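[1] Based on what follows, work out the 3D shape:
(chains A and B)
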Amino acid sequence: MRLYEFEGKELFKKFKIPIPESLLVRSADEAVAAIDEIKAPVVLKSQVLTGGRGKAGGIKTAESAEEARTLAEDLFKLTIKGYPVESLLVEPKLDIKQEYYIGVTIDRANYTLVVIASGEGGVDIEETAEKHPDKIVKLPIAVEDELYTFDALAMAKQIGIPAALIKQGAAIIVSLYNMFKKYDAKLVEINPLVLTKSNLLLAADSRVSLDDDAVFRHPELKEMGIEMRHEEGEMTPRERQATEWGVPYLDLDGDIGMFPGGAGFGIMGNDFIHYYGGRPANFMDSGGGPTPERLAKMLVLLDENPNVKAIFGARFGGISRCDDFAKGVVMFLKDHGLSKPMVMRMTGNMWQEGVRIFEEAKQASPELFKNVEFHGIETPIEEISKRAVELAHHEKGGQ
Amino acid sequence: MAILVDKHSRVMVQGITGGAGKFHTERMLAYGTNIVGGTSPGKGGQAVVERPVFDTVTECVESTGAGVSVIFLPARFVKEAAIEAIRAGIKFLVIVPEHIPIHDMLLVRREAVKHGATVIGGNTPGIITPGEANLGIMPDIAFAPGRVGTVSRSGSITYYVADTLTRSGYGETTCVGLGGDPVLGSTFNEILWMFEEDEKTKAVVMCGEIGGVYEEKATEIIPKMKTPVLAIIGGIYAPPGKRMGHAGAIVEGRMGTAREKLDALAASGAHPCKTFTDIPETLKRLRM
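    Presented below is the predicted three-dimensional model:
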């Protein structure tokens, strides 16, 4: 999950990485008040969980309190790549002499951490890497190792930090590495690390991405107000609801409700629907061994989504059990009811028991099953995908 | 012949007394897997399905001669359990739980390399050599002994592919789940090469998906293989924007979309497949 710039800077502060004076504001009035503390000229920086905010007009310079009000009012009306600006970071405008790049990330192919530095900061580092690979310094480090100051000093020197400041530069690099390890990060970047005309090194921006699966080790993040979220952007209300229920879920722009088993077929099932001319309304993953209650809730999400015209269900039971799957579907049909056509296939772990549960429930109350088409291992999943596309098409035609 | 496990493999279970551990131990035994014991700290001396339970992996290895271990423990305990197993001499380790912290997996992989052990997972459905041994959580119904190997990042995709191979009469030598977590104990490369060296495996189906670099890395090894490789990649129509940012892209070199992966694999000599039914059709075209 990605942190906002101001949250990343809070962490920087904890690790003694120098940052500019800064205040977080949530209204134009607050922005004006901030100028009492931070003298103009100031920069107003939109806080959004996506890149490219500068190009989208999300960063403005104000010379006076009045100008800050007008600019802040405009910024609060802005949406950047679909994400509304809800807060601004107010900072003094820096007199920049030089900009550097410092980052730490994971090299998954080689199973190491990597510290990256460049004398060309403040620009798209991806572009620098492609056009001038010689201007980038990389240091792979085994995850169990520490970053030593002598290595950081060498890096600071290589990227051209002035001799009088390399000890301070090295300390920043070491701190960033320690922060990366301490918080189980996937990526931390200072871009740019600014050298001011008065010879100060300051982390002018932060980019921090943490490993969702290790957040449990860092309860202090929650105390700082940092909650679970997507890598990019905030969640839609339905995504938030699904997360509360423990279901990984993404809204997409189509009309077929996807109720697959694991993430693997969740991803490939979306492709299949596209191959046969349909459009999925969502991505969803039941996780390993879901309970009937969770499965029933997954179906509620789809049934109550007005964009969904037909539901596609698939279960190949491995760690998950088909009897639980069948119980979940029956629970949903009884307690909530199905308002749109659904086609599904079930096989794998405990499938005979799953079929028995379906058959019994259907005999007891056949009307609950009138919109359900049920298949077993004998029907290939490709046929089920095609049928879901047909059903959605038919529903739309019938309106 | 098969890779990594067969009916002679002596298999232990870490977390054998837990709900999932016990349930799947019974299933694995029912399949004929040679489960010799398990561990659950504090419960040494008990038995699960008539198999002895030990406090530590070392005790289990010494008493039972186990060389393979399957882990059924919550994610936060996996780092300890995996390093314990590797240091106790386990040479093949199957990590079933999902959501293992990435930094933990980096450490486990380094430990495995140091001791010459192979690790699959986290978030793997396991490994099956049909008719001989089933380690993990895979449903028996999809598999039959045969001549095609599979290696996949997803459990459900493994089942669909194996089911297709089984019903079209090809069957499988061994099916390996690499796992669905972002950092994995093994990559396609190591498993593909094991299949290349296995006499009985006449073709390999590799199932990848969007994200990461493991598919791209496989393009280094596929041209060196005589055994044909079929490739299917999930996420061709996945929405963009769920990947790591710049520094990740620098290291990984703009890799990661499903389309790019499939194109790169095809260029390296793999046979691309779109749906599961394309797989037997491609095998037929290869005169298999």
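[2] Can you name the residues of the stretch 51-200 of chain B sitting close to chain A?
    Neighbours of chain A within the stretch 51-200 of chain B, by C-beta under 8 Å from any C-beta of the partner chain: B:75-76, B:96, B:98-104, B:106-107, B:109-110, B:113, B:123, B:125, B:137-139, B:141-142, B:152-160, B:163-164, B:180-183, B:187. In short, each C-beta sits where N, CA and C put it, glycine included.
[3] what about burial for those, which qualify?
    By the neighbour-count criterion of 16 or more other C-beta atoms under 10 Å in any protein chain shown, these include these buried positions: B:75-76, B:96, B:98-104, B:106-107, B:109-110, B:123, B:125, B:137-139, B:141-142, B:152-160, B:163-164, B:180-183, B:187.
[4] Out of those residues, list just those in helices.
    Per DSSP state H, helices hold the following members of these: B:102-104, B:106-107, B:109-110, B:155-160, B:163-164.
[5] If the residue with the shortest distance to the centre of chain B is in a bridge, with which residues?
    Chain B has B:Gly177 as the residue nearest its centroid, 2.7 Å off, counting by C-alpha atoms, centre = their mean. Beta-bridge partners for B:Gly177, by DSSP bridges, are B:Ser152.
[6] That one and B:Gly155 touch, don't they?
    Yes - using C-beta atoms under 8 Å, B:Gly177 is in contact with B:Gly155, at 5.9 Å.
[7] Mutual contacts of the two, please.
    Contact criterion C-beta atoms under 8 Å, 6 or more residues apart in numbering or on different chains; residues shared by B:Gly177 and B:Gly155: B:124-125, B:138.
[8] ok, and what's touching stretch B:278-288?
    Residues outside stretch B:278-288 that contact it (C-beta under 8 Å, 6+ apart) are B:147-148, B:161, B:164-165, B:168, B:170, B:202-203, B:205, B:228, B:230, B:232, B:271, B:273.
[9] Just the buried subset of the residues you listed, please.
    B:147-148, B:161, B:164-165, B:168, B:170, B:202-203, B:205, B:228, B:230, B:232, B:271, B:273.
[10] The strand or helix carrying A:Val115: partners in the sheet, and parallel or antiparallel?
    Per DSSP states H and E, A:Val115 falls inside strand A:112-118. Take DSSP bridges as the rule and strand A:112-118 pairs in its sheet with strand A:96-107 (antiparallel), strand A:136-141 (antiparallel).
[11] just checking, which of those sits deepest inside the structure?
    Burial of the strands paired with strand A:112-118 is given as mean neighbour count (mean count of other C-beta atoms under 10 Å in any protein chain shown); strand A:96-107 ranks first at a mean of 22.
[12] Tell me which residue in chain B sits closest to chain A.
    Proximity of chain B to chain A (C-beta to the nearest C-beta) peaks at B:Ser154, 2.1 Å away.
[13] Give me the nearest residue to that residue, chain neighbours excluded.
    Once flanking residues are discounted, B:Ser154 sits nearest to A:Gly264: 2.1 Å by C-beta to C-beta, 6 or more residues apart in numbering or on different chains.
[14] mean confidence score for the helix or strand hosting that neighbour?
    In the assignment (DSSP H and E), A:Gly264 maps to helix A:263-275. The pLDDT scores in helix A:263-275 average 90.
[15] which regions of the stretch 251-399 of chain A lie under the pLDDT threshold?
    Within the stretch 251-399 of chain A, the stretches with pLDDT under 70 are A:288, A:398-399.
[16] what residues does it put near chain B?
    Counting by C-beta under 8 Å from any C-beta, the residues of the stretch 251-399 of chain A close to chain B are A:252, A:260-268, A:270-272, A:274-275, A:283, A:287-289, A:314, A:316-319, A:347-349, A:351, A:377, A:380-382.
[17] if we can go back for a sec, was I right about the residue of chain B closest to chain A contacting B:Ile210?
    No - B:Ser154 lies out of contact with B:Ile210 (C-beta under 8 Å); the separation is 11.1 Å.
[18] Between the two, which contacts overlap?
    Here B:Ser154 and B:Ile210 have A:267, B:234 as joint contacts, going by C-beta under 8 Å, 6+ apart.
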